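[1] sequence plus predicted model, see below.
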Amino acid sequence: MNAIVWDKWLKRPANMAGGVVRSAIGLEVAQHSLNMVQLEQNPQGELRLYDWVSIPFDEPREQLIYQPRVFKQLYRQVKQHAGFKGRAVNAMMPGSELRIMSVNYECPPGQDPAMAIARIIAERVEGSLAEYVIDYLPVRQSEKHGKGLAVVAIAEQQKVQAYLDSLHGVGLQVQALDIGPAAIKRLVTAIAGTKISETVLVVNFGDVRSYLSIISGRRLLFDEDLHFGEQQMVAEVSRALDMPEDVARNQIRSVGLGSFEAGHLDDSEKEIADTVLQILRPSFRQLGDSLKRALVYAVAETRGEPISQIYIVGSIARWRGAANVLTALMDIPVSVLPDPITAFADRQLHADDDLQVRERPELALATGLALRGLKLHG
């Protein structure tokens, strides 16, 4: 096990008045790291980061989450490097163990939408519904016509129980199991500078699949997954340049895409960055086509209000130039979702030259989980 913990900047507000509410700990077991975040909120509704930790691991994620003893070894490092208060956590099933889909359903007036959704899900899964844990997040429902749309999360009951056993085994108390789209919606709503009335598209890049979420005000209008991720892009570069995938991944993360913001690169690195962009441009165009379809959907759902901003988060979002490439394709602003660590840090600590502030976009989901239960925008 890799026992090296990524550099962390511990920010604890020095002068927090009474009436402060401390969040449950947002916990995400990502593909290669355990990410945890805890926030505080004062009576005025201001959010501040209390503590966070991000611990990398080398083992396959499934070996960690389904083996309490192995997970306990990883969690020991959390106690060494973080001072979280309390044991309550808001967690989420790892993306590889969770199926998320958008479901259109019809529900006659007076009936429970859950029953209508369950009938549809029963036709899409193998075996009995009793073998699964199923939850849904309403997106819209027409009382007049009984038609609705929901984001549905499905996981095998056996795996959910094994995951909970691992969390309970280290003394954590699971307050809620959440889903990624809901966590991202909270984060976008909470980050300063995001207007309540805006309709935005959030692209959460994963290793194999990515997720598109349309958020209008506080409402989640749409969620869709795409078979598009960092692994696919790395494989394309690996084949084109005839190099191992781990080498290709390191090259992309080092030099980025094309000449965007490439002032720190030497001539040979700029040449590599341009080559990588040329290789990946067709895949970015395909992604752009999917995003444009989402834009059309948003206009229809909001009665003509267009998406004003696209935010990207996750693996590919950390590649230098990714936002620039998509901006050129989409003709509307595309930017990396504001870093949750710096967004909620104590403002006074920002000016401390002795503290090395490092952005942590990989903590977006954990921060969104920590926001559950707090009052956003009053």
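    Nice, thanks for sending it over.

[2] tell me the mean pLDDT for the helix or strand containing L39?
    According to DSSP states H and E, L39 maps onto strand 33-41. Average pLDDT, strand 33-41: 93.

[3] pairing partners for the following helix or strand past it, with directions?
    Moving toward the C-terminus from strand 33-41, the next helix or strand (DSSP H and E) is strand 47-56. Strand 47-56 pairs in its sheet with strand 33-41 (antiparallel), by DSSP bridges.

[4] the strand it pairs with: how far from the chain's middle?
    Offset of strand 33-41 from its chain centre (Cα atoms, centre = their mean, to the nearest Å): 13 Å.

[5] tell me the SS of K270?
    helix (DSSP: H, G, I helix; E, B strand; the rest coil).

[6] burial measure for the nearest residue to it once chain neighbours are set aside, as a count.
    Closest residue in space to K270, ignoring its immediate chain neighbours: A262 at 5.4 Å, by Cβ to Cβ, 6 or more residues apart in numbering. Every C-beta, even on glycine, is put in place using the N, C-alpha and C of the backbone. Under the neighbour criterion other Cβ atoms under 10 Å, A262 is assigned a count of 17.

[7] now for A262: which residues touch it?
    Going by Cβ atoms under 8 Å, 6 or more residues apart in numbering, A262 touches V255, G256, E269, K270, A273, R320, G321.

[8] what's the first helix or strand after the lowest-mean-pLDDT helix or strand in the chain?
    The helix or strand of the chain with the poorest confidence is helix 347-350; it has a mean of 40 (mean pLDDT, DSSP states H and E). Remark: after helix 347-350, the chain's next helix or strand is helix 364-370, criterion DSSP H and E.

[9] where exactly do the strands run in the stretch 251-378 of the chain?
    With DSSP state E, counting those that start in this stretch, the ranges of strands along the stretch 251-378 of the chain come out as 309-314, 334-336.

[10] contacts for the shortest one, please.
    Okay, so that is strand 334-336. 309-313, 317-318, 322-324, 326-327, 361.

[11] let's see that with 10 Å instead.
    201, 203, 288, 291, 309-314, 317-319, 322-328, 359, 361, 364 (Cβ atoms under 10 Å, 6 or more residues apart in numbering).

[12] V152 sits in which helix or strand?
    Assigned by DSSP H and E, V152 belongs to strand 147-156.

[13] helices or strands next to that strand in the packing?
    If contacts are counted by 3 or more Cβ pairs under 10 Å, 6 or more residues apart in numbering; DSSP states H and E, strand 147-156 sits against strand 99-106, helix 113-122, strand 132-141, strand 173-178, helix 180-190, strand 219-226.

[14] just say which of these is most tucked in.
    helix 180-190 (a mean of 25; mean count of other Cβ atoms under 10 Å).

[15] re earlier: ok, of the contacts of A262, which one's closest to A91?
    Nearest to A91 out of the contacts of A262 is R320 (Cβ to Cβ; 31.4 Å).

[16] pretty sure the closest one contacts K270?
    No. Contact criterion Cβ atoms under 10 Å: R320 and K270 do not qualify, at 11.5 Å.

[17] now the common contact residues for these two.
    Residues touching both R320 and K270 (Cβ under 10 Å, 6+ apart) are V255, G256, G258, A262.

[18] export those residues to a markdown table and tack on distance to Y50 and pLDDT?
    Converted to a markdown table, these look like this (distance: Cβ to Cβ, whole Å; pLDDT from 0 to 100):
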| residue | distance to Y50 | pLDDT |
| --- | --- | --- |
| V255 | 36 | 92 |
| G256 | 33 | 92 |
| G258 | 39 | 88 |
| A262 | 37 | 71 |
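
[19] what's the most distant pair in those residues?
    Comparing all pairs in the shared contacts of R320 and K270 by Cβ to Cβ, the longest separation belongs to V255 and G258, at 9.4 Å.

[20] who's more crowded, the two?
    Under the criterion of other Cβ under 10 Å, the comparison of V255 against G258 puts V255 first, with 25 against 21.

[21] got the contact list for the residue lying closest to the more buried one once chain neighbours are set aside?
    Leaving out its chain neighbours, the residue that sits closest to V255 by Cβ to Cβ, 6+ apart is A273, at 4.2 Å. The neighbourhood of A273, defined by Cβ under 10 Å, 6+ apart, consists of 251-252, 254-260, 262, 265, 319-321.

[22] could you pull up the residues touching the closest residue to P108 other than its chain neighbours?
    Excluding the flanking residues, the one nearest P108 by Cβ to Cβ, 6+ apart is G146, at 5.3 Å. G146 makes contact with Y105, E106, C107, P108, P109, G110, Q111, P113, A116, according to Cβ under 10 Å, 6+ apart.

[23] ok, now with 7 Å
    E106, C107, P108, P109 (Cβ atoms under 7 Å, 6 or more residues apart in numbering).

[24] so the second one sits against A114, correct?
    No. Taking Cβ atoms under 7 Å as the definition, C107 is not a contact partner of A114, at 9.0 Å.

[25] hang on, the earlier thing: most neighbours among the contacts of G146, please name it.
    Of the contacts of G146, with other Cβ under 10 Å as the count, C107 tops at 19 neighbours.

[26] which pair of the contacts of A262 spans the longest distance?
    Once Cβ to Cβ is applied, the contacts of A262 give E269 and G321 as the farthest pair, at 12.5 Å.
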